[in-house]
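In: predicted model and sequence follow; I will ask about them next.
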Amino acid sequence: MSRTSVYKWPYKYSNMAQRHERQVVEAKSDTKKIQFLEDRIKELEQIIGQKQVLIEFQDKKIEIAESTYEADIKKIRHQTLLWYWQNREKHSIKMNQLYSVLSIKKQSFFQKQKRREKHLDESEQILLLKDKVRVDHPCLSAREIYGKLNPPVMGRDKFEAFCFEHGYG
C-alpha cells in the first residue's frame, strides 16, 4: 500500500476528518451586487412613494366628488367589485388582490352579495303582491296597500318610496 493511499483514506472514508478548504471571495463582485441591490431598493421606494401619492390623490378626488354631488361614491365599491367578480375571466387582476387593496374580506363581499340578492327577491315578491292587491282594489294608495300587505321586510315609509320608484302612487 502506498503512502499517498494511506494519507487519502481518512479524508475519503471518514466523517470526522475533513480537509480545510478556503473560500475566496472577490470584494469587487460583492460590492457591485450590493450597489445594484441598493439602487433597486431606491427605485422600488420611489415607485411606492408615487403610488402612495396617487392613492391620496384618488381619495381626495372621491371626497370632493362626494361633497360636490352629495352622493356616497364609496358605495359604488361593491358594484365595482361585483363587476370584477362577474368578469374575472376577462381581466388579469386576482380577486384576492382587490380584496386586500380595498381592505375587505372575501367573506364580507359574498355576505353583502347574498343580502343584496335576498333584498331583490323580497322586492320582486312585494311587487307581485302589490299588483294582486291593485287588481282587486285599483283605487288604494300605497299606504293603504301597505296596511293590507304589512310586509315584514320593510317599513311603511320605505314601502311608499318603493312604490313611487316603481310607478305606483
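Out: Received the coordinates, thanks. Residues are numbered from 1 along each chain as shown.
In: point to the residue nearest the middle of this structure.
Out: Centroid check for the chain by C-alpha atoms, centre = their mean gives residue 99 as the closest residue, at 1.7 Å.
In: any idea how far that residue is from residue 87?
Out: 16 Å (C-beta to C-beta, to the nearest Å). All C-beta spots, glycine's among them, are computed from the backbone N, C-alpha and C.
In: residue 65: what's it in contact with?
Out: Contacts for residue 65 (C-beta atoms under 8 Å, 6 or more residues apart in numbering) come out as 71, 73.
In: what's the burial count for residue 102?
Out: Using other C-beta atoms under 10 Å, residue 102 has 14 other residues around it.
In: in which helix or strand does the nearest residue to it once chain neighbours are set aside reside?
Out: Closest residue to residue 102 apart from its sequence neighbours, by C-beta to C-beta, 6 or more residues apart in numbering: residue 77 at 6.4 Å. Assigned by DSSP states H and E, residue 77 falls within helix 76-86.
In: show me where pLDDT drops low in the protein?
Out: Along the chain, segments meeting pLDDT under 70 span 15-27, 74, 169.
In: C-terminal to the helix holding residue 77, what's the next element?
Out: Trace forward from helix 76-86 with DSSP H and E and the next one is helix 95-101.
In: what are the ranges of the strands in the protein?
Out: Counting by DSSP state E, one finds no strands in the chain.
In: what about the longest helix in it?
Out: helix 27-69 (DSSP state H).
In: thinking again about what came up before, what residues are up against the residue nearest to the centre of the chain?
Out: 105-106, 109.
In: could I get the residues you listed as JSON lines with distance to residue 81 and neighbour count?
Out: Shown next, in JSON lines, are these (distance: C-beta to C-beta, whole Å; neighbours: other C-beta atoms under 10 Å):
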{"residue": "105", "distance to residue 81": "12", "neighbour count": "11"}
{"residue": "106", "distance to residue 81": "10", "neighbour count": "12"}
{"residue": "109", "distance to residue 81": "6", "neighbour count": "19"}
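In: just to revisit the earlier point, and the helix holding residue 77, what's buried?
Out: 78, 81 (16 or more other C-beta atoms under 10 Å).
In: what do you get for stretch 146-154?
Out: Buried residues in stretch 146-154 (16+ other C-beta under 10 Å): 146, 151, 154.
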